[in-house]
Every structure is written in structure tokens, then in C-alpha cells.
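>>> Sequence first, then the predicted structure:
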Amino acid sequence: MRILQHLFFAVLCGALLLNPIRLSAEEAKTYQVTGPVLEVTPNTITVQKGNEKWQLARDKNTKVNGDLKVGSKVTVMYRMVATEVTVKEPKGTTK
């Protein structure tokens, strides 16, 4: 019985330690843009929003509900994802 108590305690502690890791792996916030489609390519969708043209990347995993074509009014859900980060050293620092 004592072994089962120790095993239960060890599993409980492990679960509590992994909880912060799960919370830090949160997905990026989802945004949306709505408007008529100006252009559709295999890699992009261009949507008119007011006076601005929004070009959004898409790939084989992009889910499309309906007939996506020029002139269709759409709502595109997207996330902002960093593709490259360059850290600049502050001026006046030397290595």
C-alpha cells in the first residue's frame, strides 16, 4: 500500500511540474479580415479591406469552406507568425 501512495504522489508531482510547460505552449492569437477577394493564387489570397489590400499567405493546410474565387466576399482567419528574428546589439556595446 505504501508503494502505491509513493507512486501516486510521484505521478501527481510530475503532472504539477508539467502544467507550466503546457500553459507556455499557448497558440498565437487568431485575427480576421473580411472583404471581397481581389486575387487568388496557390500561395496567397488578396482581400480588399477598406482602402487597403491584404495579401495573406496560404498553403495546403489552409481550410477553405465554399468556392474561393475573385469577387467572393470572405472572412479570413489568420495568425501572426514570426519567420525570422534578428537581434541588434545596442549602440556603444563591444564584444
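Cool, got the structure. Residues are numbered from 1 along each chain as shown.

>>> what ranges of this structure fall below the confidence cut-off?
1-2, 4-16, 18-25, 93-95 (pLDDT under 70).

>>> Please report how far residue 40 lies from residue 26.
31 Å (Cβ to Cβ, to the nearest Å). Quick note: C-beta positions are derived from backbone N, CA and C, even for glycine.

>>> Between these two, which is the more surrounded one?
Counting neighbours by other Cβ atoms under 10 Å for residue 40 and for residue 26 shows that residue 40 has the greater number, 17 against 7.

>>> Need the nearest residue in space to the more buried one, chain neighbours excluded.
With sequence-adjacent residues excluded and distances taken as Cβ to Cβ, 6 or more residues apart in numbering, residue 40 is closest to residue 68, at 5.8 Å.

>>> Can you list the neighbours in contact with stretch 63-81?
By Cβ atoms under 8 Å, 6 or more residues apart in numbering, the list of residues contacting stretch 63-81 from outside reads 27-40, 45, 47, 54, 56.

>>> Could you list the buried residues of that stretch?
74, 76, 78 (16 or more other Cβ atoms under 10 Å).

>>> Buried ones in stretch 50-67, by neighbour count?
54, 58.

>>> can you give me the strands in this structure?
30-40, 44-49, 52-57, 73-79 (DSSP state E).

>>> In a markdown table: the ones you listed, plus distance to residue 90.
Converted to a markdown table, the strands of the chain look like this (distance: least, Cβ to Cβ, whole Å):
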| stretch | distance to residue 90 |
| --- | --- |
| strand 30-40 | 32 |
| strand 44-49 | 37 |
| strand 52-57 | 33 |
| strand 73-79 | 30 |
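
>>> Which among the ones you listed is found nearest to residue 87?
strand 73-79 (22.5 Å; Cβ to Cβ).

>>> tell me the angle the closest one makes with strand 30-40.
130 degrees (axes from the mean of the first three to the mean of the last three Cα atoms, to 10 degrees).

>>> So what are the sheet partners of strand 73-79 and their directions?
strand 30-40 (antiparallel) (DSSP bridges).

>>> Residues touching the strand it pairs with, excluding its own?
Outside strand 30-40, the residues that reach it (Cβ under 8 Å, 6+ apart) are 45-50, 53-54, 56, 68-80.
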